[in-house]
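Asks: coordinates only, no sequence provided:
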């Protein structure tokens, strides 16, 4: 059975269903995550050939499952009929934004494009979530648009690279027409806590608040130190009984027993990480067959984001071979780009 055919894609979905996984859209995950159930967040990045996304949508509909389809606006155009038909099947439609790249890094122009393109999509279907387009050969990372702006202001409730904790959710993507494409992935990469390049929205806000609070505390401390007589000497020369476990008397390095415990905890954490089910050193699939084998061996975690690029999956041998050759060339170029970045 050829990999990246619709036949093996259907088999992959069927194996997940048989293993007891439910399929949900990304907006459903954001609004009501259920950690008690085995869950697949089914995501589709429609970069090219939107008609092929209709084929995967129909296949999924036949299996009575649904997912999220992220569409780009290319040269001010949208495949409206295709999007409408996919939406009617119950799939979520989202915006696959590429605006910072299209605006050549100019934030103001990018924000205008984002608003305009989002409105175009909303003429066809409700849009609640967005997902960046990687633009691998561009110097602009589309996610950087949210360094100084907030997609919440546009009625958007989630973006996968910001709103998923990838410590708890396994990320499987067919980027590069392979499942172990880390060496050729320039931007379709995740880290723990869903950080991507900037971090989760809540984390960014919290860090801002922490910085403001830290600045305020330093100002207050400086004010107090000016008015407090002999305050520094009292802090540094206080005599304490070394036999007692006094919290603030341990010095900068901390209590010896506490440091030993932290070292042991780090060692245990590293050991757990190496042996964790689904951790890359243990499970790093290359083919769809590898995922199916791991699934049958009960190696996969309960929550997975499965990212599919529909243009890579076809039963037509001519198009299948064309995609294979093109991806090999593209991966070769991307490999050296990633190597230079690192």
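Replies: Arrived safely. Predicted, not measured: the structure shown is a model, and the values here were computed from it. Numbering: from 1, shown residues only.
Asks: where does the stretch 51-200 of the chain have low pLDDT?
Replies: By pLDDT under 70, the low-scoring segments of the stretch 51-200 of the chain are 182-189, 191-200.
Asks: quick one: the helices in the stretch 51-200 of the chain, in order.
Replies: For the stretch 51-200 of the chain, the helices defined by DSSP state H, counting those that start in this stretch cover 80-88, 99-102, 107-122, 160-163.
Asks: now these as JSON lines including distance to residue 12 and mean neighbour count?
Replies: Backbone N, C-alpha and C define where each C-beta goes, glycine included. Shown next, in JSON lines, are the helices of the stretch 51-200 of the chain (distance: least, CB to CB, whole Å; neighbours: other CB atoms under 10 Å):
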{"stretch": "helix 80-88", "distance to residue 12": "20", "mean neighbour count": "17"}
{"stretch": "helix 99-102", "distance to residue 12": "31", "mean neighbour count": "24"}
{"stretch": "helix 107-122", "distance to residue 12": "28", "mean neighbour count": "17"}
{"stretch": "helix 160-163", "distance to residue 12": "20", "mean neighbour count": "23"}
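Asks: of all these, which lies closest to residue 149?
Replies: Smallest distance to residue 149 across the helices of the stretch 51-200 of the chain (CB to CB): 6.1 Å, for helix 107-122.
Asks: who does the closest one touch, helix- and strand-wise?
Replies: If contacts are counted by 3 or more CB pairs under 8 Å, 6 or more residues apart in numbering; DSSP states H and E, helix 107-122 sits against strand 92-97, helix 99-102, strand 127-132.
Asks: and the angle for that helix with strand 127-132?
Replies: Counting by axes from the mean of the first three to the mean of the last three CA atoms, to 10 degrees, helix 107-122 lies at 130 degrees to strand 127-132.
Asks: now the angle from helix 107-122 to helix 80-88?
Replies: Going by the same axes, to 10 degrees, helix 107-122 makes 70 degrees with helix 80-88.
Asks: rewinding a little: out of the helices of the stretch 51-200 of the chain, nearest to residue 65?
Replies: helix 80-88 (13.3 Å).
Asks: neighbouring contacts of that closest one?
Replies: 50-51, 53-54, 57, 69, 71, 93, 121, 124-125 (CB atoms under 8 Å, 6 or more residues apart in numbering).
Asks: residues near residue 56, how many?
Replies: By other CB atoms under 10 Å, 26 other residues sit near residue 56.
Asks: what about the strands in the chain?
Replies: 22-24, 39-46, 68-71, 92-97, 127-132, 170-173, 303-308 (DSSP state E).
Asks: distance to residue 316 and mean neighbour count added to the ones you listed, as a markdown table?
Replies: Formatted as a markdown table, these follow (distance: least, CB to CB, whole Å; neighbours: other CB under 10 Å):
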| stretch | distance to residue 316 | mean neighbour count |
| --- | --- | --- |
| strand 22-24 | 25 | 18 |
| strand 39-46 | 18 | 25 |
| strand 68-71 | 21 | 27 |
| strand 92-97 | 24 | 25 |
| strand 127-132 | 27 | 24 |
| strand 170-173 | 23 | 19 |
| strand 303-308 | 17 | 21 |
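Asks: now tabulate these in TSV and tack on distance to residue 8.
Replies: Putting these into TSV (distance: least, CB to CB, whole Å) gives the following:
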stretch	distance to residue 8
strand 22-24	17
strand 39-46	16
strand 68-71	20
strand 92-97	24
strand 127-132	24
strand 170-173	14
strand 303-308	12
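Asks: can I get the helices of the stretch 51-200 of the chain in TSV including distance to residue 21?
Replies: Output for the helices of the stretch 51-200 of the chain, formatted as TSV (distance: least, CB to CB, whole Å):
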stretch	distance to residue 21
helix 80-88	21
helix 99-102	34
helix 107-122	29
helix 160-163	18
